[in-house]
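A.B. asks: can you look at this prediction? I've put the sequence above it.
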Amino acid sequence: MKRALIALVAAFALAGPALAVLPGEQLRDPKLEARARAIGSELRCLVCQNQSIDDSDAALAGDLRVILRERILAGDTDKQATDYIVKRYGDYVLLKPPFEPQTLLLWLGPALVLMGGAVWVATMARKRNPGDEPPPALTPEEHEQLLRKLDAESAL
Amino acid sequence: MKRAVFLAPVALFALVIIAFAAGLGRDPSRLPSTLIDKPLPVFDLPAVRDGDVGLKTTDITGQPRLLNVFASWCVSCRVEHPVLLQLKASGVPIDGLDWKDEAVDGRKYLVEQGDPYRLAGNDRTGRAGIDLGVAGVPETFLVDRRGRVRYKHIGPISPDDWSGIIKPLMDRLRAEG
């Protein structure tokens, strides 16, 4: 029983992600194929939009994988190969959007929200201090003073 | 003053919810084309129909027209087809690009469903379609007289799409010098 469990855990631990890349599509040179994988995993499949073209079984994703490998064999750099597809389908295919004026809000939005929250918390904290906290206790001298004042008033 | 401080997060939350609700209504498959105001990519496709000339980029010029990307295996193309036939009958020039399809199947499709196309080319490998940025069929490009893409419609053209969006654009292109 224990052995079977260990075997099962080992099997899950060793299993790699199931890629849709077909054996026939792969390049002979493992170095070039590794580059193609690296680029393909960053390109969005147009059909199943939350998968990369490496993960997607859609026919168009397969076509794009083949085109990517053709570009690499033709001597394109990674950027040139990516641009070849971006030129046709737009920035949308980049799973990691570029840092551009158009995407400023996307990239800086979370930081802005965080800063806004920090400012809000700081203002709240500062405002609360004077009014809400109980005044500090009287020192013995103050106490003495107070008693003297009260005595003086009652003597009138 | 105190009330405003407490209402601010609530108002912010409401704004976020409104933004999300608006986002839900948008169709993520409707992507903008990178080809707008640019010339069509170069392609030279063999014929779909028997004894026909096929479809070349250089032939798609002269007057504003539609370039419709279709396929015999595409279900929503069959929904769109009667609209295309009607447009043809009313004199709208439409060229057809048969995407990722065997020419025989494309031919059979046109025989069975009717043929709305002036020129029709078979893009068996899908490369011409990919050069056009086609992500699925049907897609339709509105091309001006100089062969530049001016508008791309994703999905089947409904009669409302035609009268509300595409026809006004086409009329404007026709009025251009």
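C.D. replies: Now that the structure is in, tell me what you want to look at.

A.B. asks: grab the nearest non-local neighbour of the closest residue to chain B within chain A.
C.D. replies: Distances between chain A and chain B by CB to the nearest CB are smallest at residue A:46, namely 3.6 Å. In this view, the C-beta of every residue, glycine as well, is placed from N, C-alpha and C. Using CB to CB, 6 or more residues apart in numbering or on different chains and skipping the chain neighbours, the partner closest in space to residue A:46 is residue B:135 (3.6 Å).

A.B. asks: quick one: the residue lying closest to residue B:53 once chain neighbours are set aside from chain A, how far?
C.D. replies: Excluding its sequence neighbours, the residue lying closest to residue B:53 (CB to CB, 6+ apart) is residue B:47, at 6.2 Å. Remark: distance between residue B:47 and chain A (CB to the nearest CB, to the nearest Å) = 22 Å.

A.B. asks: tell me how many other residues crowd residue B:47.
C.D. replies: For residue B:47, the count of nearby residues is 18 (other CB atoms under 10 Å in any protein chain shown).

A.B. asks: which SS state does the residue of chain A closest to chain B fall under?
C.D. replies: Per DSSP: H, G, I helix; E, B strand; the rest coil, the local secondary structure of residue A:46 is coil.

A.B. asks: what's the separation between it and residue A:61?
C.D. replies: Distance, residue A:46 to residue A:61, using CB to CB, to the nearest Å: 8 Å.

A.B. asks: what does residue B:35 give?
C.D. replies: With CB to CB as the criterion, residue B:35 and residue A:61 are 21 Å apart.

A.B. asks: helix or strand right after the helix or strand of chain A with the lowest mean pLDDT?
C.D. replies: Here the helix or strand of chain A ranked lowest by mean pLDDT, DSSP states H and E is helix A:2-14, holding a mean of 81. Moving toward the C-terminus from helix A:2-14, the next helix or strand (DSSP states H and E) is helix A:30-40.

A.B. asks: next secondary structure after that following helix?
C.D. replies: Next along the chain after helix A:30-40, taking DSSP H and E as the criterion, comes helix A:59-73.

A.B. asks: show me the longest helix that occurs in the chain.
C.D. replies: Since you didn't name a chain, this refers to chain A. helix A:104-132 (DSSP state H).

A.B. asks: that was the other one, I meant chain B.
C.D. replies: Chain B, longest helix under DSSP H: helix B:2-24.

A.B. asks: direction included, what does the next helix or strand after it pair up with?
C.D. replies: The C-terminal neighbour of helix B:2-24 among helices and strands, as given by DSSP H and E, is strand B:44-45. When sheet partners are counted by DSSP bridges, strand B:44-45 sits next to strand B:55-56 (antiparallel).

A.B. asks: so for the partner strand, mean pLDDT?
C.D. replies: Averaged across strand B:55-56, pLDDT comes to 96.

A.B. asks: equivalent analysis for stretch A:81-95, please.
C.D. replies: Here the average pLDDT along stretch A:81-95 is 93.

A.B. asks: and for stretch B:105-112?
C.D. replies: 96.

A.B. asks: so chain A: which segments form each domain?
C.D. replies: For chain A, automatic domain parsing gives the domain ranges A:17-98, A:102-155.

A.B. asks: out of the ones you listed, which one sits most buried?
C.D. replies: Highest mean neighbour count of these: domain A:17-98, a mean of 16 (counted as mean count of other CB atoms under 10 Å in any protein chain shown).

A.B. asks: now do the strands in chain B.
C.D. replies: Shown for chain B, the strands assigned by DSSP state E span residues B:44-45, B:55-56, B:65-70, B:94-99, B:120-123, B:139-143, B:149-154.

A.B. asks: mind putting those into TSV with distance to residue A:117 and mean neighbour count?
C.D. replies: What follows is the strands of chain B, written out as TSV (distance: least, CB to CB, whole Å; neighbours: other CB atoms under 10 Å in any protein chain shown):
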stretch	distance to residue A:117	mean neighbour count
strand B:44-45	57	17
strand B:55-56	57	20
strand B:65-70	48	25
strand B:94-99	49	26
strand B:120-123	53	27
strand B:139-143	44	24
strand B:149-154	39	20
